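> next one to model:
(chains A and B)
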Protein chains: 2
Amino acid sequence: MDNNDRSNLNQRISVDCVIFGFDFEKLNVLLIKRKSPENGRLNQFSLPGDLIFETENLEQAAIRVLHDLTGLKDIFLEQLGAFSVDRHSNEEDRIWLRAVREQPEAHVITVAYYALVNLTSFELKPAYFASSASWQPIDEINSLAFGHMNILNNAHKQLRTKLKIQPIGFNLLPEKFTLSQLHKLYEVIVGKALDKRNFRRKLIKLQIVKKLDEKQVDVPHKPSNFYAFNTENYRKLVEDGFDNFGF
Amino acid sequence: MDNNDRSNLNQRISVDCVIFGFDFEKLNVLLIKRKSPENGRLNQFSLPGDLIFETENLEQAAIRVLHDLTGLKDIFLEQLGAFSVDRHSNEEDRIWLRAVREQPEAHVITVAYYALVNLTSFELKPAYFASSASWQPIDEINSLAFGHMNILNNAHKQLRTKLKIQPIGFNLLPEKFTLSQLHKLYEVIVGKALDKRNFRRKLIKLQIVKKLDEKQVDVPHKPSNFYAFNTENYRKLVEDGFDNFGF
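As a prediction, the model looks like this:
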């Protein structure tokens, strides 16, 4: 599809993506800034998103937005739900909508998705709907354009809930990781300290990670062993109807 | 709002409601039939739904559809997600869309909600978007218009999942119920037999029902005691972060 031909956009329906990334320290979210059409200044942060083309369905639109920013395909992506876009509360939002939308006052619905990516595996690309994109620690995000803060809070809550019934956190890690990195990931998502011994004990019981014959190199501490997600054992658990992956 | 003034409808966004009801035997879904604009025959079953008015948000539209059909307010209602309306697969759907929609070929998004009601507490009302409405056992529904079967299957799955972490099933019961009725309700939702003794044991442990000083009357068997949902104890459990309500 030619994304530069913007004539075939549905002016009433957009998608917005909450893209989570983990840098081994913090949980981050990919945010964009749009250039103000009036003064060229960079606007408030917002979630990456776009109106949908008439020729694509909702999920295809979300995959397109993600791909345009990250170059990634086949990543973990789930719908969060539909939200009415807040086009009244914020003056900067109204200016932006008047400048770039055919029907700035129209009731627009945005369908939100959340995605989990390994942020160490790619470089961010500029996209036609974003003049700049950057990772922001989720704890430091206090306000977003278009009522996106509500969407972000929903996504964060959904990520925490989902983690209890499906080990989706592995999508945020590289293929090889240490148990400390995995432990840290769970701590930053659930937002509290998790006892290291209990964490490892449950991992061993579940058998959803396998030890690799490889250690860290060039680290300033005793090198840790690498592990990988054990897809086969995980599938067996799912087939048995098991869904308690909380720590 | 005057629902007969249809000039202010957003032609691109609709809501559809999966309304679950329990008749003490089966799990039922409220379906409507629309009159074919061509021959006056009643169309295929579909979920109740309508385009949204420009002046209402998504949830308000869903509440309106529900209220118009049932007269009920303040009922359990949750968003399921957004779906692209299938307007291509079925010839009857195409005829209907051409007859009643301003832009029959337009890409319409429908936002689906599911609701839980006590079906013994009210009479169905005819609504302007439905010439007939009726309860259908979920196990006997094999096809629906506009790809609604996909929405129904999603709602059914969500109901089962949600029941494990939140005792939402009580919304399907009258205020007073017997433990047998509650047990039957859980069995029909999860779709399998549940050991009666274990079920009662867990209920006692959770303390989310309280015994009332009242028994059934005019029943052909030994009258059972009535129970009610214990809102206070349930709130305490939620405050403690407890979320394991599966049986």
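
> make it CA atoms for all contacts and neighbour counts henceforth
Noted.

> so what touches the helix or strand hosting A:Leu237?
Element membership for A:Leu237 (DSSP states H and E) is helix A:231-239. Defining contact as C-alpha atoms under 8 Å, 6 or more residues apart in numbering or on different chains, one finds that helix A:231-239 is touched by A:207-208, A:243.

> at 7 Å instead, please
Outside helix A:231-239, the residues within contact range by C-alpha atoms under 7 Å, 6 or more residues apart in numbering or on different chains are A:207-208.

> with stretch A:19-34 instead?
Outside of stretch A:19-34, the residues within contact range by C-alpha under 7 Å, 6+ apart are A:18, A:42-48, A:114-119, A:130-138, A:172, A:181, A:185, A:188-189.

> residues of it that come out buried?
For stretch A:19-34, a neighbour-count test (16 or more other C-alpha atoms under 10 Å in any protein chain shown) marks A:19-24, A:26-34 as buried.

> report the two of the residues you listed separated the most.
A:Phe24 and A:Arg34 (28.3 Å; C-alpha to C-alpha).

> enumerate the beta-bridge partners assigned to the nearest residue to A:Pro137 once chain neighbours are set aside.
Ranked by C-alpha to C-alpha, 6 or more residues apart in numbering or on different chains and with sequence neighbours excluded, the top spatial neighbour of A:Pro137 is A:Asn28, at 4.2 Å. Under DSSP bridges, the beta-bridge partners of A:Asn28 are A:Gly21, A:Pro137.

> quick one: A:Asn28 from A:Phe22, how far?
Distance of A:Asn28 to A:Phe22, given as C-alpha to C-alpha, to the nearest Å: 6 Å.

> just give me the longest helix of chain A.
helix A:148-165 (DSSP state H).

> pull the CA atoms of it into PDB?
Below are the C-alpha coordinates for helix A:148-165, written out as PDB (Å, rounded to 0.1, in the frame of the first residue of the first chain):
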ATOM      1  CA  HIS A 148      -4.000   9.000  25.400                       C
ATOM      2  CA  MET A 149      -3.100   8.800  29.100                       C
ATOM      3  CA  ASN A 150      -6.300   6.900  29.700                       C
ATOM      4  CA  ILE A 151      -5.300   4.400  27.000                       C
ATOM      5  CA  LEU A 152      -1.800   4.100  28.400                       C
ATOM      6  CA  ASN A 153      -3.100   3.400  31.900                       C
ATOM      7  CA  ASN A 154      -5.500   0.700  30.500                       C
ATOM      8  CA  ALA A 155      -2.600  -0.900  28.600                       C
ATOM      9  CA  HIS A 156      -0.400  -1.000  31.600                       C
ATOM     10  CA  LYS A 157      -3.100  -2.600  33.700                       C
ATOM     11  CA  GLN A 158      -3.800  -5.100  31.000                       C
ATOM     12  CA  LEU A 159      -0.100  -6.000  30.700                       C
ATOM     13  CA  ARG A 160       0.000  -6.700  34.500                       C
ATOM     14  CA  THR A 161      -3.200  -8.800  34.400                       C
ATOM     15  CA  LYS A 162      -2.200 -10.800  31.300                       C
ATOM     16  CA  LEU A 163       1.200 -11.600  32.700                       C
ATOM     17  CA  LYS A 164      -0.500 -13.700  35.400                       C
ATOM     18  CA  ILE A 165      -2.200 -16.000  32.900                       C
END
